[in-house]
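Peer 1: What follows is a predicted protein model with its sequence.
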Amino acid sequence: MRIATWNVNSIRSRIDRVEAWLQRTDVDVLAIQETKATDEKFPFDRFRALGYDVAHHGLNHWNGVAIVSRIGIDDIEPSFPDAPGWGEPPVVEARALTATCGGMHLTSVYVPNGRNIADPHMDYKVAWLERLRARAAQRVAAGQSAALLGDWNIAPQDDDVWSMEYYLDKSHVSPRERAAFQGFLDDGYVDVVRPHTPGPGVYTYWDYTQLAFQKRRGMRIDFILGTPAFAARVEGAAIDREERKGKGASDHAPVVVQLAD
DNA sequence: ATGCCTTTCCCAGAAAGA
């Protein structure tokens, strides 16, 4: 069985690529981020035609998360309890969606960007992660097979960026953000991809500008964190950087884990 | 300090991404 995550940067502009990728990779469940669509504009039919059930949470043309599954999808839950909002007045954004697929509790996660170290959006990012962590910890305590899959907008280790010198004063590598990410690991979550895709120089995101991909200037910011019960089933993992190539690519690559049946 | 590029809104240029 294969489970994957992919920030597609608009499902409508990427649907042809996503469809071809699903057919090529034989993935059973895909967690999607940045659908940038409401339900009215989400291409449900394209996934259903391939045999996937769909859960989508999209409130406007920003953010938006989904899970598509061909092993069943139940207990669909948008967001999570007490999720912080953004704006004035604060609005809870479409950045998380949990569903049960084949007995596993899977959450598609799109962590707020943070923008800059001193930006209010950074406080929002950290608070959002704290609340997600509280909910996620319950799944470890319950002994569930669960995973948080998505775009974390954090590079936890220095090797996860092409240049620490470049990112030193920027978002994604600050101690606050790294501590927020580490909290999930402290609670028992496991990065199930890194052991199978060791760095340095291994990334999941490359900026569209400045020929970043061609120059191998990327960041590892997309992760699959599993509970011990989930991690015990992982047999392999891969980052599909081929999918970042060519015209019409997302700026993120898909990340895939192979599970024992 | 900003643009570099891409996407959305929907036809002009701002907002957001990271």
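Peer 2: Thanks, I have the structure now.
Peer 1: only C-alpha atoms for contact and neighbour calcs from this point on.
Peer 2: Noted.
Peer 1: Other residues contacting stretch A:235-245?
Peer 2: Outside stretch A:235-245, the residues that touch it by C-alpha atoms under 8 Å, 6 or more residues apart in numbering are A:192-193, A:196-197, A:203-204, A:213, A:249-260.
Peer 1: What separates the first and last residues of it, distance-wise?
Peer 2: End-to-end distance for stretch A:235-245, by C-alpha to C-alpha, to the nearest Å: 27 Å.
Peer 1: how about it against DNA strand B, any contact?
Peer 2: No: contact of stretch A:235-245 with DNA strand B (C-alpha under 7 Å from any atom of the strand) is absent, the minimum separation being 10.7 Å.
Peer 1: Now that stretch: buried residues?
Peer 2: Buried residues in stretch A:235-245, counting neighbours by 16 or more other C-alpha atoms under 10 Å, are found at A:236-237, A:239-241, A:243-244.
Peer 1: now that stretch: how far from the chain's centre is it?
Peer 2: Taking C-alpha atoms, centre = their mean, to the nearest Å, the mean C-alpha location of stretch A:235-245 is offset from the chain mean by 14 Å.
Peer 1: Now do the same for it: mean pLDDT, whole number.
Peer 2: Mean per-residue pLDDT for stretch A:235-245: 98.
Peer 1: And the pLDDT for whatever residue of the stretch 151-261 of chain A ends up closest to DNA strand B?
Peer 2: For the stretch 151-261 of chain A, the residue closest to DNA strand B is residue A:209, as judged by C-alpha to the nearest atom of the strand, at 3.6 Å. Here, the pLDDT recorded for residue A:209 equals 96.
Peer 1: which bits of the stretch 1-150 of chain A sit near DNA strand B?
Peer 2: Selection of the stretch 1-150 of chain A residues close to DNA strand B by C-alpha under 7 Å from any atom of the strand yields A:9-14, A:36-37, A:61, A:112-115.
Peer 1: From those, which land in helices?
Peer 2: A:11-14 (DSSP state H).
Peer 1: ok, so of the buried residues of stretch A:235-245, who is nearest residue A:159?
Peer 2: Nearest to residue A:159 among the buried residues of stretch A:235-245, counting by C-alpha to C-alpha, is residue A:239 at 15.7 Å.
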